[in-house]
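K.L.:
what follows is a predicted structure for the sequence shown.
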Amino acid sequence: MNIVTLAAALVVVLSGCEGMSRLTDPNKITLDIDGQTISVLFRNGKWESFPDGWKSLNGVNYVTLRRQQIRAIETTSGCRVIASEYVYGTLTLQTEVECGAKK
């Protein structure tokens with residue numbers, strides 16, 4: 001095995017560890033949003049959401065999924081999402097929210 005292959009394998013393994021910690025985090029809140037199971041976490045100063053379980057992603061519309069993830073974060077945080085982006089190579093949506101008096 002050459003060094004490049006070994007380095008690539010290490011990146012994949014470490015990326016998987018990060019994903020597993022999300023799935024088992026005791027602070028994870030799971031919601032059903034229009035039939036899609038979405039999990040929400042507050043980590044590193046940002047709200048994150050991700051679909052919980054690959055089986056639920058068959059035939060998913062990713063525009064709809066993003067809306068569901070934003071709704072899950074807004075429901076959980078009680079705040080409005082003002083910016084969002086996907087973590088590269090994942091379906092984890094990280095957001096910034098704005099909390100304040102509702103009009």
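P.N.:
Thanks, I have the structure now.

K.L.:
could you list the low-confidence segments of this structure?
P.N.:
Along the chain, segments meeting pLDDT under 70 span 1-23, 54-57, 101-103.

K.L.:
where do the strands sit along this protein?
P.N.:
Ranges of strands within the chain are 29-33, 36-43, 46-51, 80-86, 93-98, based on DSSP state E.

K.L.:
what does the longest one rub up against?
P.N.:
If I follow you right, that is strand 36-43. By CB atoms under 8 Å, 6 or more residues apart in numbering, the residues outside strand 36-43 that reach it are 22-23, 25, 27-32, 47-53, 56, 60, 64-65, 68-69, 72-73, 76-77. All C-beta spots, glycine's among them, are computed from the backbone N, C-alpha and C.

K.L.:
next: stretch 94-103.
P.N.:
46-49, 70, 73-74, 77-87.

K.L.:
please repeat the previous calculation with a cut-off of 7 Å.
P.N.:
46-48, 70, 73, 77-85, 87 (CB atoms under 7 Å, 6 or more residues apart in numbering).

K.L.:
how about it as PDB, C-alpha atoms only?
P.N.:
These are the backbone C-alpha positions of stretch 94-103, laid out as PDB (Å, rounded to 0.1, in the frame of the first residue of the first chain):
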ATOM      1  CA  GLN A  94     -24.800  23.700   9.500                       C
ATOM      2  CA  THR A  95     -26.700  26.900  10.200                       C
ATOM      3  CA  GLU A  96     -26.600  30.200  11.800                       C
ATOM      4  CA  VAL A  97     -29.800  31.400  13.500                       C
ATOM      5  CA  GLU A  98     -31.300  34.600  14.700                       C
ATOM      6  CA  CYS A  99     -33.200  34.600  17.900                       C
ATOM      7  CA  GLY A 100     -35.300  37.500  19.100                       C
ATOM      8  CA  ALA A 101     -38.800  38.800  19.700                       C
ATOM      9  CA  LYS A 102     -41.300  37.400  17.300                       C
ATOM     10  CA  LYS A 103     -43.400  40.000  15.400                       C
END
